[in-house]
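In: My questions concern the predicted model and sequence given below.
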Number of protein chains: 4
Amino acid sequence: MLPWRADLAGRLDEGVIDSALLRDNPLGDPHERPVWVYLPPGYDDSDERYPSVYVIQGYTGHLTMWSNRTPFRQPFVETADQVFADGTAPPCIVVYVDAWTSYGGSQFVDSAGTGKYHSYLCDEVVPWVDERYRTIDAPESRAISGKSSGGYGAMITPMLRPDLFGALATHAGDTLYEYCYLPEFAQAVRFLRAYDGDIWRWWDDFKSRPAFTKKEDAALITALGCSAAFSPGEDGRPVLPFDSRSGAVLTEVWDKWLEWDPVRMVDRYADALRGLRAVWIDAGTADDYYLDLGSEAFRDGLARIGVPDDKVFFELFEATHAGIDYRYPLALTWLAHRLAR
Amino acid sequence: MLPWRADLAGRLDEGVIDSALLRDNPLGDPHERPVWVYLPPGYDDSDERYPSVYVIQGYTGHLTMWSNRTPFRQPFVETADQVFADGTAPPCIVVYVDAWTSYGGSQFVDSAGTGKYHSYLCDEVVPWVDERYRTIDAPESRAISGKSSGGYGAMITPMLRPDLFGALATHAGDTLYEYCYLPEFAQAVRFLRAYDGDIWRWWDDFKSRPAFTKKEDAALITALGCSAAFSPGEDGRPVLPFDSRSGAVLTEVWDKWLEWDPVRMVDRYADALRGLRAVWIDAGTADDYYLDLGSEAFRDGLARIGVPDDKVFFELFEATHAGIDYRYPLALTWLAHRLAR
Amino acid sequence: MLPWRADLAGRLDEGVIDSALLRDNPLGDPHERPVWVYLPPGYDDSDERYPSVYVIQGYTGHLTMWSNRTPFRQPFVETADQVFADGTAPPCIVVYVDAWTSYGGSQFVDSAGTGKYHSYLCDEVVPWVDERYRTIDAPESRAISGKSSGGYGAMITPMLRPDLFGALATHAGDTLYEYCYLPEFAQAVRFLRAYDGDIWRWWDDFKSRPAFTKKEDAALITALGCSAAFSPGEDGRPVLPFDSRSGAVLTEVWDKWLEWDPVRMVDRYADALRGLRAVWIDAGTADDYYLDLGSEAFRDGLARIGVPDDKVFFELFEATHAGIDYRYPLALTWLAHRLAR
Amino acid sequence: MLPWRADLAGRLDEGVIDSALLRDNPLGDPHERPVWVYLPPGYDDSDERYPSVYVIQGYTGHLTMWSNRTPFRQPFVETADQVFADGTAPPCIVVYVDAWTSYGGSQFVDSAGTGKYHSYLCDEVVPWVDERYRTIDAPESRAISGKSSGGYGAMITPMLRPDLFGALATHAGDTLYEYCYLPEFAQAVRFLRAYDGDIWRWWDDFKSRPAFTKKEDAALITALGCSAAFSPGEDGRPVLPFDSRSGAVLTEVWDKWLEWDPVRMVDRYADALRGLRAVWIDAGTADDYYLDLGSEAFRDGLARIGVPDDKVFFELFEATHAGIDYRYPLALTWLAHRLAR
């Protein structure tokens, strides 16, 4: 009954994947994971095969949040449907993947701290989809996109698995870690003063009350979760990359993080990146985590290794880190035109 | 599959009311309105009648947003269910009411600018519910609650209709207008410089693009919508209570707003307020709209007219205006214990 | 030895006035007051008489602060000298007046709370200067200017004493009180929670330690000092215009403030204002106290009562409330050209 | 005439040093430099020799700013005098040193970008003072102190010249560069968008208008001046340690900065630091540049290399980076008690 609500022209299948890889994950998070597969208009009346676009979420995101409605806007599931319905974009299958953890996210990597979320995505979700739907099972016909930590995942996954993903879109994706993470470490240290410098004391407190009722919650859960993803200890427990009282960066640990910084991965994965058909990069000029800078740096990296300009879309637009979901269908349309079919 | 997701112990009916009062409303908004009615555990197995609590939303809220999920928290529909499921609160029927408009909200008043939302709530929704569900149809068994503009509606509706509502809960409800609205007018004036001081130019722009992509959107839609609610012109068009270039308050128009300020209504509606069984008032100590001050002032007003302290719950807690939905079940529980059954 | 330091082309006399009017002022502040009189280049070699411009300061300002140096900028005493030295402005005598009090300022009014600072300025400083220096003792040759509270004083003094002052310059002068003061009251109320709502407890604390070491100091001293100026009680003690727990405006007290709001004084003093030769009004577009709005409103007021546009200079420029001292010589130059000689 | 103004019990000599080392400095800044020497009460009536404390300033500071007055507070020259006058501290000579440059500061290092300010301080100012005043010319009787960049200078100078300085006080001194500088680089990059990424275009603009009228000025002058100090090119021109469009840190350049980071210098200068008699470290818990973290890290570094705790004073107090001058006399007193006499 809302004027800005739309019925889907396509169809959304809600499935569940029983993951072998996530079974017995270190956080005891569910190994049964929801997955949504969107089929474009016409899918059911044809035998055609379609390119696929995988969509992943930002930190603390979980799949059901794609249904959230906000005032005067449509959720992505509807705006994505619309670009296919009105012919703006050639039809694609869109796959919504869940990679949530108890720390808020997985950064879409395999980690002793959280679980094998990268492998889950690549070795379980992709085959599961390809078996059940008429996708074109080829990297030139498969893309991945996301925002924030989802943009991060969209940058690294095709580097690691160019055999699977041949295109990507990153909206304000995490990169240039000295700007997106370090200032938050400084905040984290100040917040930890109330917990005697012990993040586990905060974590116990966090779990004992409604989440995000204290100003420290957001910075500390990010610190914890990214440590779990990037620098788990031998026992799988997250190791913070900074001294929890002085904030001094612990080089050995921080270097493990930096190995996962997309702008620093570019040279190592130059071949994979040069093989991509299409790369969409955007961010708000006032992004809270300076991801506009990271986006510039990632674009520079691509140019440096010889990715041709005509394969890259780059834009900084007036925005912070919030409220930029209206960019998703723009990137989806652009990708849909560039995927092989 | 989320650890913090719960199946309902009770039951949620999703209905639609075809409103005669909203038909041909000035904004052309839908007259068919969704309504959700929650029935507590045990409802279907008994003949019992139950108190009812009406729940209304903040500015720009619309009914489907009650389904929105956030990380590590449950939506109110689930936390409300839980207090009944675990016996913390005696069972009630909970009614979720929609009063959205094209300007973002109605402030739950009858207005030539938006429509008869107050009457819709009182003369259409309440009877519709009472006809279909085993409520106790008496003011001492009927409460209303909400946050922000919803808290506002929860304060004024029982003043206007003590024959219907005998209890209320306001979380950071709009009041003490000199603090909650005036500073936003100042912002609005600055934002209007880019529109040559003409809010209709902004409105045209706003409707032409994704909503809330400009920093001015939030303040300007509030100014427009509240003007529609409180100071519509003879033709129903909102009249701003301030000069759109200097911000100077236009006393005649502003006085119409002040007539609707709960703290200023207290004396006029003293009898109604003195008849209430229970009043819950809370707000965050750092509320963005200074509604902690408004809450204090409303409480003071109740004391001044002789509402006994033991009928009033008052608390300021550490928070801003955001993220305080975890307070709703606290107030619901408190009300449930105080409604006659 | 600084490249941006200049020797004066004119001459600065530092004098002291033993004020009869300030003797026994309620705060026990000094009745001997410094005054600086700047004489333009050529003064000592001629018998000419000169127009005079009185310069007053913002809240918490005291005379010696005019000597303060900042990086890469010259103090006003030097930039003022320069416009005369290089012939940009025809020569004037510039008088720097002190009206500091123990509460930080006097708002340049006569008050039972602070003392007779208005009369001191008009009936003691002006004659003292005119007796000792070759001024042109006529309103069309005498101007007054200032920033913030000094801009306020520059607006009201010619209204009250058009026989003395025939021109003015206000930089971000206090006016449109609903915007410049009310939001600070809201802050004040929150700050007072730590003092059990008692501003005198804060005042005792403030005096017992280094000033401005607590975040509450600025808002509370303004509230106290302006109350002393605008709404002293019968015993001279400041009466706050708001309830110190809820912030609710106390209409009777607040009305006393509003009587002193320049935009609200315009109609009452229309004759005086219409008699002015020159009015400079400016402010930053992002002024912290919304004095850009106040400036617009004051300009509107002058237009409404028939002050011709060619007597008024108006500009909003990109700035906050801070760092705008570079505007002073612009206004001084403009005034110098318009004063009768 | 201000109640908080004091006449000095001691005496302040204002001298000028004609520096051979600063002659022909690369920025063409003055080689004649003011120096103030404060002599404690009793100096003129005795033959005693005194310990000396050198005081240096924060970024953009120049000597005359020590005379600046603020409301309700005394300048350091007066509060310093007071601790000697009332016997709180045993008498010392206090030397106020100027090390200003056209970029705002020198960081008290020798640099091809700005000049030999470190050597000027150590090899010209110290001997100049020792020749003219009855100091005790020994490191155990000579301290250095400052705030912000002055605190930085106070940390590094005794490391470099333990033969001269045997004690120090740093108030919010620059250190832990990843927190105090990197976030400002991110800001700088954004600001440079308006200058096509070219800091020299900004610099030309900056010099053509009143300083600090644009929001970018503070971050950009710091970036320029610190580059001049830490990473001048072969031609002496500052080389920024980051890509001016993406912000990506240029490791080779940044490493030159890090060599000058006090927390990173600790191990290299362990002997010098272990030889110190007294180290005062403090900062505000909400320091704008996270220098509270840097202070913790510097203290940790001292402990790590074996500086005994009883030689170190450490405190974090509630404050930002501003308004903390009231801390200076506390440190001065503490040092005065610890210097050999």
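Out: Received, thanks. Numbers count the residues shown, from 1 in each chain, chains lettered A, B, ... in the order given.

In: who touches A:Ala223 in this structure?
Out: Counting by CB atoms under 8 Å, 6 or more residues apart in numbering or on different chains, A:Ala223 makes contact with A:Glu184, A:Phe185, A:Ala188, A:Ile199, A:Leu240. All C-beta atoms are positioned from the backbone trio N, CA, C, and that covers glycine.

In: for the closest residue to the last one other than its chain neighbours, what are its contacts?
Out: Right, A:Leu240. Nearest-residue entry for A:Leu240: A:Ser227, 5.3 Å, with adjacent residues in sequence omitted and distances by CB to CB, 6 or more residues apart in numbering or on different chains. Each residue near A:Ser227 by CB under 8 Å, 6+ apart is listed here: A:Gly113, A:Pro238, A:Val239, A:Leu240, A:Pro241.

In: 6 Å - rerun?
Out: A:Pro238, A:Val239, A:Leu240 (CB atoms under 6 Å, 6 or more residues apart in numbering or on different chains).

In: next one: A:Gly247
Out: Counting by CB under 6 Å, 6+ apart, A:Gly247 has contacts A:Phe185, A:Ala186, A:Val189, D:Leu293.

In: Dump those into CSV; add distance to B:Glu124, neighbour count and pLDDT as well.
Out: Putting the contacts of A:Gly247 into CSV (distance: CB to CB, whole Å; neighbours: other CB atoms under 10 Å in any protein chain shown; pLDDT from 0 to 100) gives the following:
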residue, distance to B:Glu124, neighbour count, pLDDT
A:Phe185, 55, 25, 98
A:Ala186, 55, 24, 98
A:Val189, 56, 25, 98
D:Leu293, 59, 28, 98
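
In: want to try CSV for these, with distance to chain B and secondary structure as columns?
Out: Formatted as CSV, those follow (distance: CB to the nearest CB, whole Å; DSSP: H, G, I helix; E, B strand; the rest coil):
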residue, distance to chain B, secondary structure
A:Phe185, 21, helix
A:Ala186, 22, helix
A:Val189, 21, helix
D:Leu293, 25, helix
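
In: Tell me which two of the residues you listed sit farthest apart.
Out: Based on CB to CB, the longest span within those runs between A:Phe185 and D:Leu293 and measures 8.9 Å.

In: just so I have it, where are all the helices in the stretch 101-250 of chain A?
Out: Per DSSP state H, counting those that start in this stretch, the stretch 101-250 of chain A carries helices over the ranges A:117-119, A:126-132, A:149-160, A:177-180, A:182-192, A:199-207, A:217-230.

In: just how off-centre is the first one within its chain?
Out: When you say that, I think you mean helix A:117-119. Counting by CA atoms, centre = their mean, to the nearest Å, helix A:117-119 is centred 12 Å from the centre of its parent chain.

In: what's next to it, contact-wise?
Out: Residues outside helix A:117-119 that contact it (CB under 6 Å, 6+ apart) are A:Leu21, A:Ala99, A:Ser106, A:Phe108, A:Val109, A:Asp110.

In: Most neighbours among those residues, please name it.
Out: Comparing the contacts of helix A:117-119 by number of neighbours (other CB atoms under 10 Å in any protein chain shown), A:Ser106 comes first, having 31 neighbours.

In: CA-only coordinates of stretch A:188-208 in CSV, if you can.
Out: The C-alpha coordinates for stretch A:188-208 follow below in CSV (Å, rounded to 0.1, in the frame of the first residue of the first chain):
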residue,chain,number,x,y,z
ALA,A,188,38.5,1.5,20.6
VAL,A,189,41.4,2.2,23.0
ARG,A,190,39.6,5.0,24.6
PHE,A,191,36.4,3.0,25.0
LEU,A,192,38.4,0.1,26.5
ARG,A,193,39.5,2.4,29.4
ALA,A,194,36.1,1.6,31.0
TYR,A,195,36.9,-2.1,30.7
ASP,A,196,40.4,-2.0,32.1
GLY,A,197,41.8,-2.4,28.6
ASP,A,198,40.3,-5.8,28.3
ILE,A,199,38.1,-6.3,25.2
TRP,A,200,36.7,-9.5,26.6
ARG,A,201,35.3,-7.7,29.5
TRP,A,202,33.5,-5.5,27.0
TRP,A,203,32.4,-8.5,25.1
ASP,A,204,30.8,-10.1,28.1
ASP,A,205,29.1,-6.9,28.9
PHE,A,206,27.9,-6.5,25.3
LYS,A,207,26.3,-10.0,25.3
SER,A,208,24.6,-9.3,28.6
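
In: which stretches of chain A aren't confidently modelled?
Out: Across chain A, nothing is flagged by pLDDT under 70.

In: Make sure I have this right: A:Glu315 is in a strand.
Out: Yes: assigned with DSSP: H, G, I helix; E, B strand; the rest coil, A:Glu315 falls within a strand.

In: I'd like to check which residues are in contact with A:Gly225.
Out: A:Tyr103, A:Gly104, A:Gly105.

In: OK, contacts around the last one?
Out: Going by CB under 6 Å, 6+ apart, A:Gly105 touches A:Tyr59, A:Ser149, A:Gly225.

In: For the stretch 51-200 of chain A, which segments count as strands?
Out: For the stretch 51-200 of chain A, the strands defined by DSSP state E, counting those that start in this stretch occupy A:52-56, A:93-97, A:110-111, A:115-116, A:142-147, A:167-171.

In: Rebuild those strands as CSV, extending it with distance to D:Arg268.
Out: Output for these, formatted as CSV (distance: least, CB to CB, whole Å):
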stretch, distance to D:Arg268
strand A:52-56, 46
strand A:93-97, 50
strand A:110-111, 36
strand A:115-116, 43
strand A:142-147, 44
strand A:167-171, 41
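
In: nearest to D:Ala286, of the ones you listed?
Out: strand A:142-147 (30.8 Å).

In: Indicate each strand paired with the closest one and its parallel or antiparallel sense.
Out: Looking at strand A:142-147 with DSSP bridges, its partner strands are strand A:52-56 (parallel), strand A:167-171 (parallel).

In: List the contacts of that strand.
Out: Strand A:142-147 has contacts (CB under 6 Å, 6+ apart) with A:52-56, A:58, A:153-154, A:157, A:165, A:167-169, A:171-172, A:331, A:335, A:339.

In: Buried residues, that strand. List them.
Out: The neighbour-count check on strand A:142-147 (16 or more other CB atoms under 10 Å in any protein chain shown) flags A:Arg142, A:Ala143, A:Ile144, A:Ser145, A:Gly146, A:Lys147 as buried.

In: what does chain A have sitting close to chain B?
Out: For chain A, the residues in contact with chain B (CB under 6 Å from any CB of the partner chain) are A:1, A:30, A:32, A:34, A:60, A:64-65, A:68-69, A:71-73, A:210-212, A:323, A:326.

In: What about chain C: which of those residues touch it?
Out: Counting by CB under 6 Å from any CB, nothing from the residues of chain A next to chain B sits close to chain C.

In: For ChimeraX, write a command that selects the buried ones of those residues.
Out: Typed into ChimeraX, the line below selects the buried ones among the residues of chain A next to chain B, using 16+ other CB under 10 Å:
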select /A:30,34,60,64,65,68,69,71,72,73,210,211,212,323,326
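
In: Can you tell me which residue is spatially central in chain A?
Out: Centroid-nearest residue in chain A: A:Gly150, 1.2 Å away (criterion: CA atoms, centre = their mean).

In: ok, that one touching A:Ile56?
Out: Yes: counting by CB atoms under 6 Å, A:Gly150 does reach A:Ile56; the two are 4.2 Å apart.

In: how near is the nearest residue to A:Pro71 once chain neighbours are set aside to chain C?
Out: The spatially closest residue to A:Pro71, leaving aside those adjacent along the chain, is B:Thr60, at 3.7 Å (CB to CB, 6+ apart). For B:Thr60, the distance to chain C equals 23 Å [CB to the nearest CB, to the nearest Å].

In: how close does A:Ile305 sit to A:Ala297?
Out: Plainly put, A:Ile305 is 13 Å away from A:Ala297 if you go by CB to CB, to the nearest Å.
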